[in-house]
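Novice: predicted structure and sequence below. I'll ask about it afterward.
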Amino acid sequence: MKIEKKNVYLFEMSDVMANQAKLPYSTGLIWSYCLEFESIKKNYNLADWFWFKDTENTVKNIFNKIKNPSVVGLGSFIWNWKWNIEICRLIKKKWSKCLVVIGGWQPPMADRSAGFFKEHPYFDIIVHGEGEIAFKDILIENLKENPDWSSISGCSMPVRLLNKKKEVEIVEIEEGLKISSSKILKNPSENDTYVTKPRQRIDDLKCMPSPYLNGLFDKLIQGCKYDFEATIETTRGCPFGCTFCEIGSKYFQKIKTQGNKKIFREIDWLSKNKVVFVWNADSNFGILPEHLEIAQYLIKKKRETGYPDKSKQDWAKIHPFRTLKIAKILYEEKMDGGITIALQSLNEKTLEAVKRKNMTDGRLEEVLKKYNQNELKSYVEVILGLPEETVESFLEGICKIMELGQHSYIAINYLICLPNTPFGDSKYQKKWGIKLFETRSSYVHVDNSDIRNEDELMVIETNTMKKEQYKEAQMYRWLLLYGHYLGHFQYMARFLNTHLKVSYLTFYRKLMKFILKNNKGFLKEEYELTYNAINKVLKKQGPWGRELDDVRKNFEWQFEEVTAIRSAQNKNRLYEEMKVFMKEFELKKDVLSDLIEFQKNSVLDPFVSYPINIKVNHNIYEVITDSKKLEKSKNTYIADGKNYQGNLYEWGKEVLWWGRKYGKCKTSITNTNKRNLGI
């Protein structure tokens, strides 16, 4: 007799960005493992698998494709959480007996799942931690006439799924690892939360199946109209315990490896199937010596086939010179634009509060110098809004990084409250005075359409930085990223730093005061437009960015990018204003004129046809790059760069968006009498 198979539907929805759809790696791992079991293959049918959002893949359209689901499995993250809620409400309303299972980083950990099912009754089971084995167990249990869901370890579920409902044992799980306490709950309600015993982590990832290698993704990509992004996982876990990161929990502290042979075979698949971009889900790439071989293999395949073209890694927090070697070969092959130095803060009190230890200043300076000597682009990451940070310490930290010679880029990230970090814990919030505000998603560079409906919880107030101070820090973020790291004032600041020993902190403090006092200036206009946009963000009335309809309609740019675009449209006005500001530093008139001319032509301009000559009467370039003494002498510098023929969108996309971390906003400068040193 033919068995009527039960329908399974999988969801791992991601936004399409730059025409690239991200393959559903997490649910791919889970379903690959399930297919190892004959009882699942015999009794279940993967009816459909949904993995990217676009105007065709709306909630309504996808819901209409679903037929008689038995089990729905969803990978849940901050970028698809509201989407998942909406589809599951519809599914449960029509098919009340369908089992809805969620996993991923968004649903709460076991120790925070109390009350979850009262708020979200359309979900049935949360899988905590690694999901491969747990989802397999759920599918097998689902085949029984009277399934015992309490037997599935590593899960939370509502009491309504249990056979015994008059009294249940409620356990407390510590760090996802062990039961710390328990109590008997009498006469629980249907949607009270029941937590099963913890599930141990997978011992040997090398033996786990891969959706790249078992043909699963071959079927998935057929007929897809987008380019592909893919994920590899060279290691799983992280030995560090940073409080702003979910993988910093003790559950994931032990690193497990996939084995290079398996990774090489996955890279072969990526190469064969023309995957454009590969994300490495390793939190510390470069922490192990064998990671060099993986980078070399990526390069080998790109040379053979052209794919993958680009890769992105999260670099190890330790072993900076090992990561240097790996990053350098990827950079030279144009696979990775540089290396991230994740500091998050330079304030010692903040680092202690978030349980993070950085390199000392001397060590950091040594690392930055070594990267520069190897002509390897690097950028630093910091987070705005961490505990114990003030506006002053935030600004001092950024300017201190400048003083150490980091001028290519600093990524100043917003502090999103990821629900399973300590920032999602009420005790931690109370300790540090943390207040959360729900805002629209902080993702930009996508069309501002109705399919982007996700929200995020942002930390925008602590004991040491109240809401108004947070907005002040945001405005310094805008000024520093636009002015220094998108290049518009960087050379003026560096010249003053070298020639007159003016600190970067002094320069940018003075510039902010000048902007606020100048009622009619271009920079004051941009300040007010940005400040008003941030106010709208914090009232959930606008996005974390601004739109420019004359560049591209319904498209969001980051705040500093908008000001950079408008600067290209108002170049002469901007630098006439800066000439007034720079008089405060009492430079001689001819020196100031030369410096403004050099600065103005050192930022890549979409309206200029390159190369161009910059003729000045002083050695401006050498003062900035080599700390030379200022001398009066005729110099002709050649500024070169890609020509955009006035196409602001292409220039904005390639220079301000894709290239911002690697200094693409600046022209290449050559002294006609000397070699190109690059600044």
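Specialist: It's in.
Novice: contacts and neighbour counts: CA atoms only from here.
Specialist: Fine.
Novice: tell me the helix or strand right after the strand or helix carrying residue 599.
Specialist: Secondary structure from DSSP states H and E places residue 599 in helix 589-600. Counting by DSSP H and E, the element after helix 589-600 in chain order, helix or strand, is strand 612-618.
Novice: can you name the residues in contact with the next helix or strand after that following strand?
Specialist: Of the helices and strands lying after strand 612-618 in sequence (DSSP H and E), the nearest is helix 620-626. Contact with helix 620-626 is made by 491, 494-495, 498-499, 594-595, 598, 628-630, 671, 677, 679, as judged by CA atoms under 8 Å, 6 or more residues apart in numbering.
Novice: which strands and helices lie in contact with the helix holding residue 599?
Specialist: Identification of packing neighbours for helix 589-600 by 3 or more CA pairs under 8 Å, 6 or more residues apart in numbering; DSSP states H and E yields helix 490-499, helix 571-582, strand 612-618, helix 620-626.
Novice: right, so these: which one is the most enclosed?
Specialist: Mean neighbour count (mean count of other CA atoms under 10 Å) peaks for helix 490-499 among these, with a mean of 21.
Novice: hmm, who's touching that helix?
Specialist: So helix 490-499 is in contact with 407, 483-484, 502-504, 507, 595-596, 599, 620, 623-624, 627, 629-630, going by CA under 8 Å, 6+ apart.
Novice: what's the closest of the residues you listed to residue 245?
Specialist: When these are compared for distance to residue 245 (CA to CA), residue 407 comes out closest, at 26.8 Å.
Novice: separation between that closest one and residue 234?
Specialist: 31 Å (CA to CA, to the nearest Å).
Novice: circling back to that earlier point, closest one of the contacts of helix 620-626 to residue 97?
Specialist: residue 679 (63.4 Å).
Novice: tell me the pLDDT of that closest one.
Specialist: Per-residue confidence (pLDDT) for residue 679: 47.
Novice: the residue lying closest to residue 617 once chain neighbours are set aside: what's it in contact with?
Specialist: Among residues not flanking residue 617 along the chain, residue 634 sits closest, at 4.4 Å (CA to CA, 6 or more residues apart in numbering). Contact analysis of residue 634 by CA under 8 Å, 6+ apart lists 615-619.
Novice: the helix or strand hosting residue 634 pairs with which strands, and in what direction?
Specialist: Assigned by DSSP H and E, residue 634 belongs to strand 632-640. Strand 632-640 has its sheet partners listed here by DSSP bridges as strand 612-618 (antiparallel), strand 668-671 (antiparallel).
Novice: in a markdown table, list the helices and strands packed on helix 589-600 along with distance to residue 259 and mean pLDDT.
Specialist: Formatted as a markdown table, the helices and strands packed on helix 589-600 follow (distance: least, CA to CA, whole Å; pLDDT from 0 to 100):
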| stretch | distance to residue 259 | mean pLDDT |
| --- | --- | --- |
| helix 490-499 | 44 | 98 |
| helix 571-582 | 53 | 96 |
| strand 612-618 | 51 | 95 |
| helix 620-626 | 44 | 93 |
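Novice: how near is residue 280 to residue 300?
Specialist: 17 Å.
Novice: neighbour-wise, which of these two wins?
Specialist: Taking neighbours as other CA atoms under 10 Å, residue 280 and residue 300 compare with residue 280 leading, 18 against 14.
Novice: quick one: the more buried one from residue 307, how far?
Specialist: 15 Å.
Novice: so which pair among the contacts of helix 490-499 is furthest apart in space?
Specialist: Greatest spacing in those, by CA to CA: 483 and 629 (24.9 Å).
Novice: more neighbours, these two?
Specialist: residue 483 (20 against 13).
Novice: give me the neighbour count for the nearest residue to that one once chain neighbours are set aside.
Specialist: The spatial neighbour of residue 483 that comes closest, neighbours along the chain excluded (CA to CA, 6+ apart), is residue 489 at 4.9 Å. Residue 489 has 24 neighbouring residues, counting by other CA under 10 Å.
Novice: surely residue 489 touches residue 597?
Specialist: No. Using CA atoms under 8 Å, residue 489 is not in contact with residue 597; the gap is 11.8 Å.
Novice: if we can go back for a sec, can you tell me which of the contacts of helix 490-499 is nearest residue 609?
Specialist: residue 599 (17.0 Å).
Novice: from residue 672, how far off is the nearest residue to the closest one once chain neighbours are set aside?
Specialist: Spatially, and ignoring its direct neighbours in sequence, residue 599 is nearest to residue 491 (5.9 Å; CA to CA, 6+ apart). For residue 491, the distance to residue 672 (CA to CA) stands at 19 Å.
Novice: domains of the protein?
Specialist: For the chain, automatic domain parsing gives the domain ranges 6-203, 337-671.
Novice: doesn't residue 10 lie inside a strand?
Specialist: Yes. Applying DSSP: H, G, I helix; E, B strand; the rest coil, one finds residue 10 inside a strand.
Novice: can you give me the neighbour number for it?
Specialist: 22.
Novice: who's in contact with it?
Specialist: The contact partners of residue 10, taken as CA under 8 Å, 6+ apart, are 27, 46, 48-50, 72-74.
Novice: quick one: which of these is nearest to residue 329?
Specialist: Checking the contacts of residue 10 one by one against residue 329 (CA to CA), the nearest turns out to be residue 27, at 31.9 Å.
Novice: how many neighbours does the closest one have?
Specialist: Residue 27 is flanked by 24 other residues according to other CA under 10 Å.
Novice: ditto for residue 77
Specialist: 18.
Novice: so residue 258 makes contact with residue 206?
Specialist: Yes. Counting by CA under 8 Å, residue 206 is a contact partner of residue 258 at 4.6 Å.
Novice: which residue packs closest to the residue positioned nearest the centre of the chain, ignoring adjacent ones?
Specialist: In the chain, the centroid-proximal residue (CA atoms, centre = their mean) is residue 413; its distance is 8.4 Å. Distances taken as CA to CA, 6+ apart place residue 383 nearest to residue 413, at 4.7 Å, with adjacent residues excluded.
Novice: shouldn't the one you found be within a strand?
Specialist: Yes. In this structure, residue 383 lies within a strand as judged by three-state DSSP.
Novice: mind listing what it touches?
Specialist: 344-345, 412-415.
Novice: which among those residues end up buried?
Specialist: 344-345, 412, 414-415 (16 or more other CA atoms under 10 Å).
Novice: from those residues, which is closest to residue 244?
Specialist: residue 415 (8.0 Å).
Novice: of all the contacts of residue 634, which comes closest to residue 356?
Specialist: Closest to residue 356 out of the contacts of residue 634 is residue 619 (43.0 Å), distances taken as CA to CA.
Novice: thinking again about what came up before, who's in contact with the helix holding residue 599?
Specialist: By CA under 8 Å, 6+ apart, helix 589-600 touches 488-492, 571, 575, 579, 582-583, 614, 616-618, 620.
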